[in-house]
Each structure stands twice: as C-alpha cells, then as structure tokens.
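1. Predicted model, plus sequence, below.
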Amino acid sequence: MSKIDFKKELKHLYNPPAKAFTVVTVPAMQFLMVDGHGDPNVAQEYADALETLYAVAYKIKFASKNELDKDYSVPPLEGLWWAADMDTFTTSRDKSQWDWTMMIMQPDWITRDMFEAACRLASKQKELAALPKLRLETYDEGLAVQIMHIGSYEDETGTLHKLHHEYMPANGFTFGGKHHEIYLSDPRRVAPEKLKTVLRQPIAR
C-alpha cells in the first residue's frame, strides 16, 4: 500500500517559493476545525484545540488505512487568524486579541460517519477538552497570494507588511478572507530561524 503525502501531491499549495509572492487558486477542501481566541503561546484553549485535532486526525488516518486501504501522512497543522484590529498582527502584535481557527486537512474520501466514529473512539481513550467544538467542514478559499516564510513566527511581520501594504495594492488586490498559515515545521524540533511556514492571504480584485 502506497502512502499519499499531500505536501507533494499539492506542492503548489504547500511549497511556494520563499523569494516572491505567488498567486494560486485554492480548491475547496475539507478540514477538521476548532475555533478559539487568545495568545497561542499561553492560552489553554489553543493547547486543547491542538491536542483534539491531532487525536482525531490520527484516528481518521488509521481508519482510512484499515477500512479503505488508503494510507496517507497526516497533513500539517494550519491556522486562520484574524482580529478586530488587524494591526495586532503587523504592528502591535497583541496576541491576546487574536481569534483563530486551527485545522488539519482531510482527504475527500473521509466521510462524516468516519469523522464521528473517530471522535467517539478518541473520547473513550482520553478526555479532550476541545472535542465538543471540533467539526468537519469544507473550506473554499479560492484566489490567494502566498509565500514561504523561513524563520521564527515573530519575524513574519515584515513579510506581512510588504504583502498588505505593497504587493496587494500594487497589483489591484484587496483582502478576500482570513490570514492563513500552514506550519510545515515542528517548533519542538526545529530551530526558530529554520521554521518553514506558508503565509497565505485570500484576495479579491
């Protein structure tokens, strides 16, 4: 049985160049999603969301392998981020004001029945605080501009400022959705200066 790696299958979405902004059309995909609020570095709500997402994502993966004979690597963690004042991302960096949706992409053959079965199984093995908020939902992002950021999360501000205030206005784009990040590196194992993160902004003309 071959194992699918969606980072390779969808290389244009998960491996953009690091030296230039690129425009992509992101197809509708389904995700495990949990919403929350607050500083991801200290908020228990954020830690609970990640624990629940990974627990259920791996239950679904093994169900797919064992029941459907379809194996794949669990896709990377992704996040949608927004705030009432978007300057909290690029200027003040007041993370306590951030809202977020953390999510993990699911293959299109994963059904709601498989999702619900995985939730039941995960809940029997461990109490998961964010499980009542977990959902399986289709997200249709559409037209977006993205770039690969290499470095710490705190160093994203310069790239985001250039994207928001230079590239987008110069090319006739405005905001078309929530700021999107895809975390390709494990911060527990990778030095901050080597972290790889896809920064993506949905746009409208």
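-> Sure, I can see it.
2. For residue 101, which non-adjacent residue is spatially closest?
-> Nearest non-adjacent residue to residue 101, counting by CB to CB, 6 or more residues apart in numbering: residue 80, 4.3 Å away. Placement of C-beta: from N, CA and C, glycine included.
3. got the phi/psi numbers for that neighbour?
-> The phi and psi torsions at residue 80 (degrees, to the nearest 10) take the values phi -100, psi 140.
4. That one reaches residue 141, doesn't it?
-> No - judged on CB atoms under 8 Å, residue 80 makes no contact with residue 141 at a distance of 9.3 Å.
5. quick one: common contacting residues for the two?
-> Here residue 80 and residue 141 have residue 180 as joint contacts, going by CB atoms under 8 Å, 6 or more residues apart in numbering.
6. on that earlier part again, state the number of residues packed around the residue nearest to residue 101.
-> Per other CB atoms under 10 Å, the neighbour tally for residue 80 reads 21.
7. per-residue confidence for it?
-> Looking at residue 80, its pLDDT stands at 97.
8. correct me, but residue 115 touches residue 60?
-> Yes - if you go by CB under 8 Å, residue 115 and residue 60 touch, sitting 6.6 Å apart.
9. who's more crowded, the two?
-> Comparing residue 115 with residue 60 by other CB under 10 Å, the one with more neighbours is residue 60, at 25 against 20.
10. which residues touch that one?
-> So residue 60 contacts 32, 106, 110, 114-115, 118 (CB under 8 Å, 6+ apart).
11. Identify the farthest-apart pair in those.
-> 32 and 114 (11.4 Å; CB to CB).
12. out of these two, which sits in the more crowded spot?
-> Taking neighbours as other CB under 10 Å, residue 32 and residue 114 compare with residue 32 leading, 24 against 18.
13. what residues are up against the more buried one?
-> With CB under 8 Å, 6+ apart, residue 32 has these contacts: 53, 56-57, 60, 103-104, 106, 115, 134-136.
14. just checking, it is part of a strand?
-> Yes - assessed by DSSP: H, G, I helix; E, B strand; the rest coil, residue 32 belongs to a strand.
15. partner residues bridging it?
-> residue 104, residue 136 (DSSP bridges).
16. so how far is residue 150 from it?
-> 27 Å (CB to CB, to the nearest Å).
17. Could you do residue 176 as well?
-> Distance of residue 176 to residue 150, computed by CB to CB: 25 Å.
18. With residue 177 instead?
-> 24 Å.
19. Would you mind telling me which of these two has more residues around it?
-> Neighbour count, other CB under 10 Å: between residue 177 and residue 150, residue 177 has more, with 19 against 14.
20. Tell me where the chain has helices.
-> 6-9, 11-14, 44-68, 87-90, 112-125, 156-162, 168-170 (DSSP state H).
21. And the ones you listed, which one averages the lowest pLDDT?
-> The weakest mean pLDDT among these belongs to helix 87-90, with a mean of 62.
22. For the most centrally placed residue in the chain, give the beta-bridge partners.
-> The centre of the chain sits closest to residue 78, judged by CA atoms, centre = their mean, with a distance of 1.1 Å. Beta-bridge pairing for residue 78 (DSSP bridges): residue 103, residue 182.
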